[in-house]
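**Student:** below: sequence and its predicted model.
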Amino acid sequence: MKKLIFLTAILLVVIGCKTNKSITTDPTTASTIIKIAVGDINDTQKNKAYELGKRVLMTCNTSKFKPFTPDEATPSVIQNTTQERLTKTCQRFRQYYGTFEDLKLIEAYTIKSDNSIIFRYKALYSKNVANKELRVTMTSTNKVSSIKSLDWNDTININ
């Protein structure tokens, strides 16, 4: 009888302590970020994001970077995207991933609060040791507001 009560108590504790894994999202950000079809994006904006992103990564191959103009990027991007910073990053990238080859647009998201679009590209390198992502965010005025290189993840995490 004592064993039955003891086993029942343990069973209740195990069931009571079992955690439910649920994804909680901040409702203010979850409702404002929407995936959009790549075909629904303005071709001019899509091409500009591609060209500006490719320009940054081509610096790794050519060691020359044409700085962004105020018509192409926001002041913070212009200030943070320097030849020195790119050279430092490119040294690591060339060592680990090889020569940059091209960008492949995988998906895009719109941020409703400011009408900007996040373009997610897979960066293709000569060595297939890892999948890299280049994330280019374009404002509604077709200016780059951020460029970020990350390890590729199938789910997007926007910070």
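**Tutor:** The structure has been received and is ready for your questions. Numbers count the residues shown, from 1 in each chain.

**Student:** any idea of the mean pLDDT in stretch 97-108?
**Tutor:** Averaged across stretch 97-108, the pLDDT comes to 94.

**Student:** how about it: buried residues?
**Tutor:** The neighbour-count check on stretch 97-108 (16 or more other C-beta atoms under 10 Å) flags 97, 100, 103, 105, 108 as buried. For every residue, glycine as well, the C-beta is placed using N, CA and C.

**Student:** okay, and the beta partners of the fourth one?
**Tutor:** Yep, that's residue 105 we're talking about. residue 121 (DSSP bridges).

**Student:** about what we covered before: looking at the buried residues of stretch 97-108, which is nearest residue 63?
**Tutor:** Comparing the buried residues of stretch 97-108 against residue 63 with C-beta to C-beta places residue 100 closest, at 12.0 Å.

**Student:** list the residues that contact the residue nearest to that closest one when sequence neighbours are not counted.
**Tutor:** Nearest residue to residue 100, sequence neighbours excluded (C-beta to C-beta, 6 or more residues apart in numbering): residue 57, at 4.6 Å. By C-beta atoms under 8 Å, 6 or more residues apart in numbering, the residues touching residue 57 are 100, 103, 123, 134.
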